[in-house]
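Asks: pasting a predicted model and its sequence here:
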Amino acid sequence: MSLLSPERAEPAPVPPPSRATPRFDLRRLGLALAAPLLAVVVALAVAAIALLVSGSNPATVYARMLSEGTTLRSLLITVNNAVPLYLSGLAVALGFRMGLFNIGVEGQYQLAALLAAAAGAAVVLPGPLHLVFVVLVAMVVGALWAGVAAVLKTARGVSEVISTIMLNVIAGGIAAYLLSTYLQERVVGSNNSRTPRLEESARFPNLDPVLRSFGVEPPQGTRLGGFLLVAIVVGFLYWLLVSRSRFGFDLRATGLSPSASVASGVDAKRMTIVTMLMSGAIAGLVGMPQLVGSSYAYGLDFTSGLGFTGIGVALLGRGSPVGVAIGALLFAFLERSSATLQRIDVPTEIYVIMQGSIVLSVVVAYEAVRRLGVAQAERSVRRAVDPEVAG
Amino acid sequence: MRLSQNGRLRFAAVLTVASLGMVACGSSGNDDTAAPAAPSGSAAPKSAVKVGLAYDVGGRGDRSFNDAAAAGLDKAVKELGITKEELSPNASGSDRGDNLRALAEDGFNPVIAVGFAYAESLEPVAADFPNTTFLIVDDSSVKAPNVKALLFAEEQGSFLVGAAAALKSTSGSIGYIGGVETPLLKKFQAGFAAGAKQVKPGIKVQAKYLSQPPDFSGFGSPDKGKETANGMYDSGADVVYAAAGGSGTGVFQSALAKKKLAIGVDSDQYESVGDKTLQPVIITSMLKRVDVAVFETLEKFTKKTPIPAETVFDLSIDGVGYSESGGFVKDIKPQLEDLKAKIIAGTIKVPTTP
């Protein structure tokens, strides 16, 4: 019945440690690993069919994707591109855990990045303070924009799915208006509209020195973005919050059964507002790796679509921070392979087909595995109750 | 509760898949025509030049801007005997810089960046490869000795089709539909309105855009084009200029249904529209010859003629213009040619902002 509900995903590949030591169950672990593996195999098979139809040899294409995708440059680019996808996935996943659907990450991060870029360019602050200020502005803007949907839901009962989708459109309109009027810096000869560039003090240092200290020399022009560290910290805080706090317990309980959790004293409205605000704050970070790490300005060429891709990443990650990280890296790897595919005259849409079929097969595989688990549990209960019935 | 939650979860899944689908559609047909150009016959000259071309989002097959660049590239491959490599960015556009770098690193020279969105990512790449020549279309903000700008006087071409629209209008009201509200598209709007007012000072010019950046869907949404055009025609306009890339088809469909007229953009859309029933409504198209710019610049490069830092493709060198296919503007051609001569001579100054 429940095809997608993330809370059913407890047999995740890396189950978050829970207070009650779970009885180690080999079969359960096997099932948990089976689902994602099955999903990847199915996706590879679907893409292979598409490749065969378009006249390419899947084996050579996959070999090429693997060999070119694992060069140092490709790996660095994959990690850099995975960082915003990870943050976007976490923002969506946090809502998932309590059954809230934040489809508005797209609008939240675009608006947050624009206003953070403008605010950052407008003030003069010393070193790290400037950087912190820009990032905080982004988080606050993202949170407030998501908060609109939260208030609409708690005060008027408006579904957050509908309101966040609509807020995406409104955010786009506001951003376009501001960017073409007050926040624009005119650059001679440019058809771009962008905010003024951020000063050095608001830029996030890259991690190249760290790479060098490990004896790895990054290829010319490719860097390991420093925001990776922030993403790791956010992932850790997410785990701490969801799996280790009273709030997280309430959050998951509300996701599992809203009525039961309300009956046991959880303030559902407060939970909705706080969760949406936090989801929005994380969404506000999505544009930061680019803003403070590489472009230093928000313009028409700012990366778009990360909020929507984040939904797929969150579905892949089944709400676990490690799962979302794996999903983000997988998506970034596939995206990077689009360049490889073009070089060998293979339609680049193959990577989109793979992304789509991985998400779909993960959803289906988890449901199949869940049913298998339920059937097994039923059988063992029946056996325990009535020894006559042979399983 | 459980049920409603499932509903929402399903909806999200559908949305995700739908968004992936849209991504797929947005860049469909990339490689339909990207078969490696076979060296044609013994007459074809051979050149050692290896050109790398980076399209903007949408890539080859968009029937608009990118395809115009592709046409110029194909012509150069055929007539100059050069070798080519093409790359399109991924759907989010996050790898523009990576693509330019990959082309430069693999020894392609010159490297062509199609679209202003490449400007920011071009700057550091150009600095890292000082011996590679970079050509960028629609931007002149990157100042480096090895970066050459290919610019267009879109306002001049739009001025002429604006005059044509006004001369063909019987209702005294015409419309402009821009794909995405960017400074570049405002140039089209400004020229169009100025041209119309030049020949009919009292004419009413409506202007609408299909999407706001960073949403660039307005270049590929025939449905939005159709709806907006319906509104304009219903409110009295009888000629609408569709400066909206792939969305233009919707405007033409609306014109056909409402028995009104329309004007195409970038390429001669009377020829490229693909649907013969739409041809009678396309009275002319504003030509933006990206193909000419790409080909001529590659020709200069191959012949080692120096390429100026900035080339403006305007009316005087037929870098922009209007199309005459279908013969709809035959009767007003003398007037249009007269305006064209005045613009070239500088007696008419065409504004670039509305």
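Replies: Perfect, I can see it now.
Asks: pretty sure A:Ala260 sits against A:Ala253.
Replies: Yes: in this structure, A:Ala260 is within contact of A:Ala253 by C-beta atoms under 8 Å, at 7.1 Å. C-betas here are computed from N, CA, C, even on glycine.
Asks: and whichever helix or strand A:Leu167 is part of, what does it pack onto?
Replies: Assigned by DSSP states H and E, A:Leu167 belongs to helix A:160-180. Secondary structure elements in contact with helix A:160-180, counted by 3 or more C-beta pairs under 8 Å, 6 or more residues apart in numbering or on different chains; DSSP states H and E, are helix A:105-122, helix A:127-156, helix B:2-26.
Asks: so what secondary structure elements neighbour the longest one?
Replies: The reference is to helix A:127-156. For helix A:127-156, the elements it packs on are helix A:105-122, helix A:160-180, helix A:268-285, helix A:288-290, judged by 3+ C-beta pairs under 8 Å, 6+ apart.
Asks: confidence-wise, which of the ones you listed is weakest overall?
Replies: Between the helices and strands packed on helix A:127-156, the one with the least mean pLDDT is helix A:160-180; it has a mean of 91.
Asks: ok, residues contacting it?
Replies: Helix A:160-180 is contacted from outside by A:95, A:100-104, A:106-108, A:110-111, A:114, A:118, A:145-146, A:148-150, A:152-153, A:193-195, A:276, A:298-300, A:307, B:8, B:11-12, B:181, B:183, B:211-215, using C-beta atoms under 8 Å, 6 or more residues apart in numbering or on different chains.
Asks: switch to 7 Å and redo it
Replies: Here helix A:160-180 makes contact (C-beta atoms under 7 Å, 6 or more residues apart in numbering or on different chains) with A:100-104, A:106-107, A:110-111, A:114, A:145, A:148-149, A:152-153, A:193, B:8, B:11, B:181, B:212-215.
Asks: A:Ile170: neighbouring residues, count only.
Replies: A count of nearby residues for A:Ile170, using other C-beta atoms under 10 Å in any protein chain shown, gives 15.
Asks: find the centremost residue of the chain, please.
Replies: No chain specified, so I'll use chain A. With distances taken as C-alpha atoms, centre = their mean, the residue of chain A nearest its centroid is A:Gly89 (1.4 Å).
Asks: the intended chain is chain B.
Replies: Central residue of chain B (C-alpha atoms, centre = their mean): B:Phe65, at 3.2 Å.
Asks: coming back round to it: dump the helix holding A:Leu167 to CSV, keeping only the CA atoms.
Replies: Extracted in CSV, the C-alpha atoms of helix A:160-180 (Å, rounded to 0.1, in the frame of the first residue of the first chain):
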residue,chain,number,x,y,z
GLU,A,160,2.6,22.3,1.5
VAL,A,161,3.0,20.5,-1.8
ILE,A,162,0.8,23.0,-3.6
SER,A,163,2.0,26.0,-1.7
THR,A,164,5.7,25.3,-2.2
ILE,A,165,5.3,24.7,-5.9
MET,A,166,3.5,28.0,-6.2
LEU,A,167,6.1,29.7,-4.0
ASN,A,168,8.8,28.4,-6.5
VAL,A,169,7.1,30.4,-9.2
ILE,A,170,6.7,33.5,-7.0
ALA,A,171,10.3,33.3,-5.9
GLY,A,172,11.4,33.1,-9.6
GLY,A,173,9.4,36.2,-10.3
ILE,A,174,10.7,38.2,-7.4
ALA,A,175,14.3,37.1,-8.1
ALA,A,176,14.0,38.1,-11.8
TYR,A,177,12.5,41.5,-10.9
LEU,A,178,15.1,42.3,-8.3
LEU,A,179,17.9,41.1,-10.5
SER,A,180,16.8,43.2,-13.4
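Asks: check which element follows it along the chain.
Replies: Moving toward the C-terminus from helix A:160-180, the first helix or strand encountered (DSSP H and E) is helix A:208-213.
Asks: and the contacts of that next one?
Replies: Under C-beta under 7 Å, 6+ apart, the answer for helix A:208-213 is A:Pro218, A:Arg223, A:Leu224.
Asks: neighbour-wise, give me the winner out of those residues.
Replies: A:Leu224 (20 neighbours).
Asks: touching, that one and A:Asn206? I think so.
Replies: Yes: when contacts are counted by C-beta atoms under 7 Å, A:Leu224 is listed as touching A:Asn206 (6.0 Å).
Asks: hmm, back to that, put together JSON lines for the contacts of helix A:208-213, with distance to chain B on each row.
Replies: Putting those into JSON lines (distance: C-beta to the nearest C-beta, whole Å) gives the following:
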{"residue": "A:Pro218", "distance to chain B": "13"}
{"residue": "A:Arg223", "distance to chain B": "10"}
{"residue": "A:Leu224", "distance to chain B": "14"}
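Asks: so where's the chain shaky on pLDDT?
Replies: Since no chain was named, I'll use chain A. A:1-29, A:31-32, A:387-391 (pLDDT under 70).
Asks: actually it's chain B I care about, not the one you picked
Replies: Using pLDDT under 70, chain B drops low at B:1-45.
Asks: domain ranges for it?
Replies: Chain B breaks down by automatic domain parsing into domains covering B:50-152+B:291-313, B:154-287+B:324-345.
Asks: against chain B, how distant is A:Ile353?
Replies: Going from A:Ile353 to chain B by C-beta to the nearest C-beta, to the nearest Å gives 7 Å.
Asks: actually A:Val123, sorry about that
Replies: Noted for A:Val123: a distance of 22 Å to chain B, by C-beta to the nearest C-beta.
Asks: from B:Ser92, how far out is the residue nearest to the centre of chain B?
Replies: Going from B:Phe65 to B:Ser92 by C-beta to C-beta, to the nearest Å gives 19 Å.
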